[in-house]
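Colleague: requesting a structural model of the entry that follows:
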Amino acid sequence: MQFGKPLTVTTPSDTEIVIQRGFAALPHLVYACYTQPALIRRWLTGPDGWTMPVCSYEARPGGTYRFEWHGPNNDFLAVSGTIDAIDAPSLIDAQEVFDGEVMGPPYRSQVAFAQQDQSTLATTRLTYVSRAHRDMVAATGMAEGMEMSFSKLDAVLGELD
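Modeller: The predicted model follows:
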C-alpha cells in the first residue's frame, strides 16, 4: 500500500465492500480526524460548493453521529450512525444509514487503523444486507467521492503532524 495514493476497493463477499487507503500520519491522528467534529468538518466536505452544517460525533460505545451536507442546487445528503464498539485509536464499528431511500437500508461500517512504520493503513469494511444493496452503493461513485475526501484528509493530517 502506498500512502497518500488512491484507495483500493475490493468486494470479498456478496455483501461487502472493503476500502483501503494509506495516510502519512500515525493512527492516533487519523483516528482523531474520523472522530472529532472540528476535524471531520475540514475533510469530509463533499464536492466543491457543498457545506456540512451538521456534524456531530460521540466517540463511545452507544454514541451516535450525524453528518449533513448541503449542495449548491438545494441538494441534500445525510448519514446517521450508532457506534457498536470503539477502541481508540484502532477501531470504529458502527451501524449507518443514509436519510431517505438514497443508499438503501442500514449497513455496518467498520474502520480499522493499523500503524505501518510512521504511517497508517485505514481499512473500511462495509457490510450490506444483500448483494443488490452492495452493488447499488458501489455504482454511486462512492470510491471517487471517498478519494476526494481522503485527499483533503491528507492535507489536514499534514497540518496536524
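Colleague: okay but Leu44 is in contact with Met52, surely?
Modeller: Yes - with contact defined as Cβ atoms under 8 Å, Leu44 counts as touching Met52 (6.8 Å). All C-beta spots, glycine's among them, are computed from the backbone N, C-alpha and C.
Colleague: common neighbours of those two, please.
Modeller: The overlap between the contact sets of Leu44 and Met52 (Cβ atoms under 8 Å, 6 or more residues apart in numbering) consists of Phe67.
Colleague: neighbour count for the two, which is higher?
Modeller: Leu44 (21 against 18; other Cβ atoms under 10 Å).
Colleague: now that one: closest residue in space, sequence neighbours ignored.
Modeller: Distance criterion Cβ to Cβ, 6 or more residues apart in numbering; nearest residue to Leu44, sequence neighbours excluded, is Ser149 at 5.4 Å.
Colleague: quick check: which element contains Leu157?
Modeller: Here Leu157 is covered by helix 142-160, with elements defined by DSSP states H and E.
Colleague: what are the buried residues along the host helix or strand of Ser109?
Modeller: Per DSSP H and E, Ser109 falls inside strand 107-116. For strand 107-116, the neighbour count (16 or more other Cβ atoms under 10 Å) marks 107-113 as buried.
Colleague: next secondary structure after that strand?
Modeller: strand 119-127.
Colleague: now do that next one and helix 142-160, the angle between them.
Modeller: If you take axes from the mean of the first three to the mean of the last three Cα atoms, to 10 degrees, strand 119-127 sits at 150 degrees to helix 142-160.
Colleague: helices of this structure, start to end?
Modeller: 27-35, 37-43, 131-138, 142-160 (DSSP state H).
Colleague: tell me which of the ones you listed lies nearest to Arg60.
Modeller: Closest of the helices of the chain to Arg60 is helix 27-35, at 9.8 Å (criterion: Cβ to Cβ).
Colleague: with only the CA atoms kept, save that closest one in PDB.
Modeller: C-alpha atoms of helix 27-35 as PDB (Å, rounded to 0.1, in the frame of the first residue of the first chain):
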ATOM      1  CA  PRO A  27      -3.100   6.100  13.800                       C
ATOM      2  CA  HIS A  28      -4.000   8.500  16.700                       C
ATOM      3  CA  LEU A  29      -4.100  11.400  14.200                       C
ATOM      4  CA  VAL A  30      -6.100   9.600  11.600                       C
ATOM      5  CA  TYR A  31      -8.500   8.300  14.200                       C
ATOM      6  CA  ALA A  32      -8.900  11.900  15.600                       C
ATOM      7  CA  CYS A  33      -9.800  13.100  12.100                       C
ATOM      8  CA  TYR A  34     -12.600  10.400  12.000                       C
ATOM      9  CA  THR A  35     -14.000  11.200  15.400                       C
END
